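Chemist: Following is a predicted model, sequence given first.
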Amino acid sequence: MGMGDLGVDTRTRSSVITARAAATFDPLGRSVASARTFVRDTLQGWGHADIVDDAVVLTSELVTNAVVHAGTTADVLCLRSDDSVRIEVADRYPEREIPLQQSVHTMGSPDREGGRGLQLCAALAARWGVDYTPTHKQVWFQLDLPERMVGTRTAGPVIATDLLPLADTRVRVAVVQIDRTGNVSAWNEDAETLFGYPAEKVNGKPLTDLAAWPHTPGTGTGIAEALQLSRWEGSYGIRGADGRVVPVYASHLRVRDTDGEPSTVCLLVRDHERAVLQTPLRGPAPDAASVPDGQTGADPFDAFIGSPAPDDLDGLLQRTVERARDMLDGDAAFLLLATDDETELEVRASTGLPSARQRFARVPVEAGTGRYGSARMPSVHEDLTVVPGASPLLNGTGMRSVVTVPLKVEGRLTGSLGVAAESPGRYSNEEALRLQFAADRIALAVESARLGELERLRRGSLSFLVEASDLLAGTLDRDQTLALMAQMTVPTLATWCAVYTIADQSSEPYLSYVLHEDEERIDGLKALLSRIAPPDPVPTPGARVWSAPADAAHQAALRTSMRSLGLGEPPRLGTGIGTSLATAAAVGGETVVLPLVARNRVIGMLTLGKPTEEHFRQEILELAEDLSRRAALALDNARLYSERMAISQSLQRSLLPPELPEVPGVEVEVIYRAAGEGNEVGGDFYDLFPIRDGAYGFAIGDVCGTGPEAAAVTGLARHALRLLAREGFGGPAVLERLNAAILDEGARSRFLTLLYGELWPQEDGSAILKIVCAGHPLPLRLRQDGTVEPYAEPQPLLGVMDDLELYEQTTTLDPGDVLLCVTDGVTERREGTRMLGDDGLADVLTTCTGLTAGAVAARIMRAVERFASDAPSDDMAILAMRVPEPHQD
């Protein structure tokens, strides 16, 4: 380590500098991430991806020291020569202690901030040093480039055949191109083979429609965001045409065509063949001869632990299991996170295992008695065949030996990390100690990332529940509520959903609605569920596992396969179940049932399912439970509303005549429109009935208000009119007695406007009318010459005064004349400050000369509806009577 000015010593092993890049970063926390990005982009641009990880780790530590601890700007200089890369980080805080003649082991503990950057330099760099001036301190490190042939960008060592990555005989690389909008624009033959979709079926569809996980509210699939990045590598799943999830490893590259149009080229391979595409995490470690005296190498996993933890939890966990597997030379590794109550562990990352099957699977923390039965303590199993069930996660995987250690933060269990091997006796206490040391280093970073994910999930869940509540509150239709329940859960929470409803406590659950994210699977799923016994309506809150659909689907698919091979069928789980292999795969995963409880009664069940070998994560089940409570109340409200509407409509029909009688020589037409949504009984009514031979009574009225009280007065009026008229009372006497009956109701009485008349058809083709108009809009008479005039005089309404002196008016309808009677909902139709009124109604009626009674009523109603853009706010009734002209008889 020497002294000199900043940037003076720019020589590496070669005196020729072939490339140079520099940047300055302000003393801000975000500058550390910016510096990492600068170094990564620079080295990748120079074609040295094999040393990027080491360079980024070292730069991150040194820039952190400068901008966070020293509080000064940091100057980063990258220099490339033919055989090495040198990176210098300088700050303006030279008053620190100079570590002269200090051993690596006394530079600082990895658990404290001070000195950790120098320890990492000693561990990872071929050469390093510190230069001091009165104004600057500069730390530099040099990474040697591996020897390559001319034209080589990256290279690895020659290794034995049995150590090469495992792949299928025919490696298939799916090439998928995604356009600016996220839709598939190219799909090669290997993609068709891997996923089962022909190109014409997927071209033009969003890639996110095929993504199998994660479906997490608030975070989305993540693939849409990855498609916008310049480069991206990682794992996700593609749902195949058969409904199964194909785990893939993907490499994305953002490109542009000659017209400047951007697109993303995606290379996809099966996840177990990820070595075909995966970028090496770092180049080969330097041999012993290249390590300076006094410096020791660092474990690759330990070096990773010392770097700042990635913000993405899934990325951090996946990198952790890969490094753990490599560190202990294992065949598989897995990492599980503990639930909040520390009773279960949930699989969140694995390598070398069927990840699609194991993802989000849950195992108990206390799996048995003794030290090795608890995930709270490190454990080593030399041969799993001797202790079956010791590690349920590894059942059926071919793994023989395993070492697991707990992840703890402040004494609290937060997870478990394990490494497994296919051969027995691979691990001892020494490997357990190494793995525990690594777990202790990563535990805090994992917990911090997990809490960040939970916070994002919480915000997303709140947003999801607010939107769901708004949608559910926006309808009182039962069928629409059922559809909304299913559509909100698929695909956000589950792959498929079924809603069972229970009409009353004595009824069996009924399959009311089924939805699958693939519409082609809905019919098969519905057929399957309709032929198995529904889940028991248990009111206990929370999700419970229901295995019947998966069991029935597997049995049915097995019978289908055996029939296709001409073999006998296995014992039937049930009769009449016919399903395809695709349907079996669609429901073969975890299925849970959540009770729909409203007003202390189970009114149904919400069933959520995953495809084959997939599991629900705990946070999704908790969100589904919240949704089920809201959905249950909305469904019960819709039920109550439907029952109330049915009662109201039945009562409304009972207040109107079932059918109108034929009146000889007179055309009669009635149109009735109830306002609102049909859940309130209106006060408007009409009637036409025979009194005696040759005489007919007619009435049209309007009771004040709506609801049961108005319905009672309406029923009283209509039936009293018929009874009194048929007893021989004239019009005034009928209305006077009706008035007394209404007043006898006391506080329940309502005032009533009523137009009552008697119609006497004559042999000469005319008709005699006797009319009493008690506070009702006056009837209008349309003559053949187009003139319109009121046909009666106004008199007091009913239900207000005790003593009424009413009189009837007699007139004659000549052939071709029309008598029009309406309720006030017609004349009081409004648009802003304008009102149709009696004059407006008369103007419309003048245009109806020569029309039949039905045509007159239809034209009046059409004119009233068009008068205003809003829906009518009051009931409307129209009664039109016309005496035909002689030639129409």
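Modeler: Perfect, I can see it now.
Chemist: Assess the claim that Pro779 and Cys821 are in contact.
Modeler: Yes - between Pro779 and Cys821 there is a contact under Cβ atoms under 8 Å: 4.6 Å. Where you see a C-beta, it was placed from the backbone N, CA and C, and this is true even at glycine.
Chemist: Quickly list what's touching both of those two.
Modeler: Leu755 (Cβ atoms under 8 Å, 6 or more residues apart in numbering).
Chemist: These two - which one has more neighbours?
Modeler: Neighbours were counted for Pro779 and for Cys821 using other Cβ atoms under 10 Å; Cys821 has more, 26 against 20.
Chemist: Beyond the helix or strand in which that one is found, next helix or strand please.
Modeler: For Cys821, the element it lies in under DSSP states H and E is strand 818-822. Counting by DSSP H and E, the element after strand 818-822 in chain order, helix or strand, is helix 824-827.
Chemist: Now do that following helix: which elements does it pack against?
Modeler: helix 837-845, strand 876-882 (3 or more Cβ pairs under 8 Å, 6 or more residues apart in numbering; DSSP states H and E).
Chemist: Can you give me the buried ones in the first one?
Modeler: By neighbour count, and taking 16 or more other Cβ atoms under 10 Å as the criterion, the buried residues in helix 837-845 are Asp838, Gly840, Leu841, Ala842, Val844, Leu845.
Chemist: other SSEs contacting the strand holding Cys821?
Modeler: Contact here means 3+ Cβ pairs under 8 Å, 6+ apart; on that basis strand 818-822 packs against strand 695-703, strand 780-782, helix 837-845, helix 853-867, strand 876-882.
Chemist: Turn these into CSV, including mean pLDDT and distance to Gln762.
Modeler: CSV is the format used below for the helices and strands packed on strand 818-822 (pLDDT from 0 to 100; distance: least, Cβ to Cβ, whole Å):
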stretch, mean pLDDT, distance to Gln762
strand 695-703, 92, 12
strand 780-782, 94, 17
helix 837-845, 92, 24
helix 853-867, 93, 18
strand 876-882, 93, 14
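Chemist: ok, and the helix or strand in the chain with the lowest average confidence?
Modeler: helix 300-306 (a mean of 44; mean pLDDT, DSSP states H and E).
Chemist: tell me the mean pLDDT over the helix or strand just after it?
Modeler: The helix or strand immediately downstream of helix 300-306 is helix 313-327, counting by DSSP H and E. Model confidence over helix 313-327, given as mean pLDDT, is 83.
Chemist: quick one: buried residues of helix 313-327?
Modeler: So for helix 313-327, counting by 16+ other Cβ under 10 Å, buried means 313-325, 327.
Chemist: by contact count, what packs against it?
Modeler: Judged by 3+ Cβ pairs under 8 Å, 6+ apart, helix 313-327 is in contact with strand 231-239, helix 300-306, strand 332-338, strand 344-351, strand 412-421, helix 429-473.
Chemist: at 6 Å what do you get?
Modeler: Under the contact criterion of 3 or more Cβ pairs under 6 Å, 6 or more residues apart in numbering; DSSP states H and E, helix 313-327 touches helix 300-306, strand 332-338, strand 344-351, helix 429-473.
Chemist: and those, which is most packed in?
Modeler: strand 332-338 (a mean of 25; mean count of other Cβ atoms under 10 Å).
Chemist: Run through the neighbouring helices and strands of that strand.
Modeler: Secondary elements touching strand 332-338 (3+ Cβ pairs under 6 Å, 6+ apart): helix 313-327, strand 344-351, strand 412-421.
Chemist: Could you save these as a markdown table and add columns showing distance to Val245?
Modeler: Shown next, in a markdown table, are those (distance: least, Cβ to Cβ, whole Å):
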| stretch | distance to Val245 |
| --- | --- |
| helix 313-327 | 16 |
| strand 344-351 | 14 |
| strand 412-421 | 23 |
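Chemist: of the ones you listed, which approaches Leu77 most closely?
Modeler: helix 313-327 (28.6 Å; Cβ to Cβ).
Chemist: just the angle between the closest one and helix 429-473, please?
Modeler: 160 degrees (axes from the mean of the first three to the mean of the last three Cα atoms, to 10 degrees).
Chemist: from here on, count from 523
Modeler: All right, first residue 523 from here; so that's helix 835-849.
Chemist: just how off-centre is helix 835-849 within its chain?
Modeler: Mean-position distance between helix 835-849 and its chain equals 29 Å (Cα atoms, centre = their mean, to the nearest Å).
Chemist: quick one: contacts for Ala708?
Modeler: Ala708 sits next to Gln699 when contact means Cβ atoms under 6 Å, 6 or more residues apart in numbering.
Chemist: one more time with 7 Å
Modeler: Val697, Val698, Gln699 (Cβ atoms under 7 Å, 6 or more residues apart in numbering).
Chemist: Centre-most residue in this protein?
Modeler: Thr1014 (2.9 Å; Cα atoms, centre = their mean).
Chemist: Where does that residue sit, in terms of helix or strand?
Modeler: For Thr1014, there is no host helix or strand (DSSP H and E).
Chemist: That one and Glu1041, how far apart?
Modeler: 17 Å (Cβ to Cβ, to the nearest Å).
Chemist: longest strand in this structure, by residue count?
Modeler: Scanning the chain for the strand with the most residues, using DSSP state E, yields strand 767-778.
Chemist: distance between that strand and the chain's centre?
Modeler: For strand 767-778, the distance to the chain centre is 24 Å (Cα atoms, centre = their mean).
Chemist: Right, I'll leave it there.
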